[in-house]
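Colleague: Mind looking at a prediction? Sequence and model below.
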Amino acid sequence: MTFYYGVFLLFIMSLVACSTNAPNRDSEQKRNEHLPAQADSSNGALNQVTFSQVMELSSKADTSEKIAYGENSLQYGHLYLPANVKGAEDVEKAPLVIFVHGGCWLNAYGVGHSVGLSQALAKEGYAVWSIEYRRTGDAGGGWPGSLNDVLKGVSFAQTFKEYPIDLNNVVLVGHSAGGHLALLASAEQRHVFKGGARLKGVIGLAAIVDVVGYSQGQNSCQAATTTFFAGSAEQKMKAYKLATPTNYTLPAETFLLQGTADEIVEVSEAQKSGLEYLIVEKAGHFDWIHPETNAYQAFLSALKQQVEE
């Protein structure tokens, strides 16, 4: 396994620390939801934000365009464009971030909690296609339906030719369970774009990689794994193997970001993956999707490097 040392690393050296030992944490997801975020005294950025704080960002007015990519009511996404490209015909086309939200694959957590992240990325000059999909608890959701929706939603981005979007500069990003699905969708064997766009890379934010190992944990999200697959790894081993991203050929620019204070997806998910990764000190599970955190700045740096390569 390797750490990812790109040109962005000098910028974030003060924010991160590389760890070789995963912390031993198995607490429940909701344990983090109401604890106050901790400010980093060195730069004023936050660490360990709660899910409630993420949802507060999502309460802002959403100016995205809602677009259906399929016939089911949950097969849609929100398209965000940078403010400087709306209505302009001769502007430089924006790189596209396709975002797959997390939430333990459960329908209790929808695309709405990613509004703050999508708006922040649009302010940075990115177009963002944030997709909804059927999850556990939805008819047609679970394995493999959730992945099939994500594949359809990702592939749909090829139709955005009328927008000021650079379809040759696309990065697929997923958080938590959405990171798991994004990694699977990026597999070269799936040919998700079929020549209509170019995938530059994929970034997993606190992504679940080893679904077999993850299913054996005790926190609430780990317990949801067996529901997603409609059985344990022992009962559904073929499905678990098909749903393991590292069993496929992933893009050369595949990168994982993980935090030492994450009690939902432990750092060992990145460390044992065999993929390139970076560990951010003190970062919690939801920090990656909150634009006022150290973790978000590390993500921006990694994203910029993939876009510019």
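Modeller: Structure received. Numbers count the residues shown, from 1 in each chain.
Colleague: Using PDB, write down the CA coordinates of stretch 214-224.
Modeller: Provided in PDB are the C-alpha atoms of stretch 214-224 (Å, rounded to 0.1, in the frame of the first residue of the first chain):
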ATOM      1  CA  TYR A 214     -17.000  -4.300   7.300                       C
ATOM      2  CA  SER A 215     -20.100  -6.500   7.700                       C
ATOM      3  CA  GLN A 216     -18.500  -8.200  10.700                       C
ATOM      4  CA  GLY A 217     -18.300  -5.000  12.700                       C
ATOM      5  CA  GLN A 218     -20.700  -3.900  15.400                       C
ATOM      6  CA  ASN A 219     -21.600  -0.300  14.700                       C
ATOM      7  CA  SER A 220     -25.000   0.600  13.100                       C
ATOM      8  CA  CYS A 221     -23.600   1.200   9.600                       C
ATOM      9  CA  GLN A 222     -21.700  -2.100   9.700                       C
ATOM     10  CA  ALA A 223     -24.800  -3.800  10.800                       C
ATOM     11  CA  ALA A 224     -26.700  -2.400   7.800                       C
END
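Colleague: Give the rounded mean pLDDT of it.
Modeller: Stretch 214-224 shows a mean pLDDT of 96.
Colleague: same thing with stretch 249-269?
Modeller: 96.
Colleague: Using CSV, write down the CA coordinates of it.
Modeller: Presented in CSV, the C-alpha positions along stretch 249-269 are these (Å, rounded to 0.1, in the frame of the first residue of the first chain):
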residue,chain,number,x,y,z
THR,A,249,-9.4,-3.1,-12.3
LEU,A,250,-9.8,0.4,-10.9
PRO,A,251,-8.6,3.6,-12.6
ALA,A,252,-4.9,4.4,-12.2
GLU,A,253,-6.0,7.6,-10.4
THR,A,254,-7.9,5.9,-7.6
PHE,A,255,-7.4,7.7,-4.2
LEU,A,256,-8.8,7.2,-0.7
LEU,A,257,-9.1,9.8,2.0
GLN,A,258,-9.7,8.7,5.6
GLY,A,259,-9.7,10.3,9.0
THR,A,260,-8.3,9.2,12.3
ALA,A,261,-11.4,10.3,14.2
ASP,A,262,-13.8,8.4,12.0
GLU,A,263,-16.0,6.0,14.2
ILE,A,264,-18.1,4.8,11.3
VAL,A,265,-15.5,3.7,8.7
GLU,A,266,-12.2,3.0,10.3
VAL,A,267,-8.8,4.0,8.8
SER,A,268,-8.1,0.3,8.2
GLU,A,269,-10.5,0.4,5.3
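Colleague: partners of the host helix or strand of V202 in the sheet?
Modeller: Element membership for V202 (DSSP states H and E) is strand 199-205. Applying DSSP bridges, strand 199-205 is found paired with strand 165-175 (parallel), strand 254-259 (parallel).
Colleague: Take the ones you listed and lay them out in TSV including distance to A139 and mean neighbour count.
Modeller: (C-beta placed from N, C-alpha, C; glycine too.) As requested, the strands paired with strand 199-205 are exported to TSV (distance: least, CB to CB, whole Å; neighbours: other CB atoms under 10 Å):
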stretch	distance to A139	mean neighbour count
strand 165-175	23	24
strand 254-259	32	28
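Colleague: Including distance to K152, could those go into CSV?
Modeller: Formatted as CSV, the strands paired with strand 199-205 follow (distance: least, CB to CB, whole Å):
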stretch, distance to K152
strand 165-175, 14
strand 254-259, 21
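Colleague: Would you mind saying which of those lies nearest N47?
Modeller: strand 254-259 (8.2 Å; CB to CB).
Colleague: measure K304 to I203 for me?
Modeller: Distance of K304 to I203, computed by CB to CB, to the nearest Å: 11 Å.
Colleague: Alright, that wraps it up for me.
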